[in-house]
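J.: need coordinates for the following:
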Amino acid sequence: MRRLILLLPLVLFLGVAVFLYRGLFMDPSELPSALIDKPFPAFSLPAVEGDRTLTQRDIIGQPALVNVWATWCVACRVEHPVLNKLAEAGVRIYGVNYKDDNASARKWLAEFHDPYQLNIEDARGSLGLDLGVYGAPETFLIDKDGIIRHKFVGVIDERVWREKLAPLYQALVDEVTP
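T.: Residues are numbered from 1 along each chain as shown. Just a heads-up that it's a prediction; the model follows:
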């Protein structure tokens with residue numbers, strides 16, 4: 001019995017060490033999401049620009065990226081030129097301006113260009129909470145029916161788009177195109 005008590009700290013240490021060692025090899029941009037293969041959460045929020053209320057019905061109909069961004073997010077500034085290029089190439093992108101000041105968001109879009117077909121003002125972070133957002137930027141791929149098919153955490157750069165997201169997006173577009 002005494003030996004068992006003496007070995008218990010060693011066993012606990014080894015268990016924690018194995019868990020931490022496994023974490024070294026995980027990709028932080030591949031955070032699991034309980035929303036994969038589930039409908040985009042219901043919402044009714046104002047648009048960043050204009051006097052319009054947007055709902056999940058406004059983002060249904062075509063495959064799209066739903067990009068969570070904010071003006072306070074340094075990584076979003078790095079990502080933004082790539083989103084502009086994708087939008088120019090015909091990729092449908094919706095924005096969720098997360099926990100941000102709307103005047104700052106409008107200024108940002110005027111200064112850095114607006115890649116978003118629609119931009120949802122989520123000042124309180126309620127939609128972000130429903131999406132399980134950890135921070136910005138985060139991007140969701142949705143299909144034509146508004147079903148979340150993939151979640152990407154971090155900056156979308158040229159490599160990430162080409163190697164990870166473009167094939168997934170194209171597969172969703174191909175499902176729609178006969």
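J.: please name the bridge partners of residue 68.
T.: On the basis of DSSP bridges, residue 68 is bridged to residue 96, residue 138.
J.: give me every residue that touches it.
T.: By C-beta atoms under 8 Å, 6 or more residues apart in numbering, residue 68 lies in contact with 95, 96, 98, 128, 131, 133, 136, 137, 138, 139, 140. The C-beta positions use only the backbone N, C-alpha and C, and glycine is treated the same way.
J.: tell me how far it lies from residue 171.
T.: For residue 68, the distance to residue 171 (C-beta to C-beta, to the nearest Å) stands at 22 Å.
J.: what do you get for residue 57?
T.: Counting by C-beta to C-beta - residue 57 and residue 171 are separated by 24 Å.
J.: do the same with residue 61
T.: For residue 61, the distance to residue 171 - C-beta to C-beta - is 17 Å.
J.: same deal with residue 93?
T.: Counting by C-beta to C-beta, the gap from residue 93 to residue 171 is 17 Å.
J.: neighbour count winner among the two?
T.: Between residue 93 and residue 171, counting by other C-beta atoms under 10 Å, residue 93 is the more crowded of the two (20 against 13).
J.: might one say that that one is in contact with residue 83?
T.: Yes - assessed by C-beta atoms under 8 Å, residue 93 is found in contact with residue 83 at 6.0 Å.
J.: so where's the protein uncertain?
T.: Scanning the chain for pLDDT under 70 picks out 1-4, 6-32.
J.: can you give me the strands for the chain?
T.: Per DSSP state E, the chain carries strands over the ranges 44-46, 53-55, 64-69, 93-98, 118-122, 138-142, 148-153.
J.: distance to residue 167 added to the ones you listed, as CSV?
T.: Formatted as CSV, the strands of the chain follow (distance: least, C-beta to C-beta, whole Å):
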stretch, distance to residue 167
strand 44-46, 31
strand 53-55, 29
strand 64-69, 13
strand 93-98, 17
strand 118-122, 25
strand 138-142, 11
strand 148-153, 10
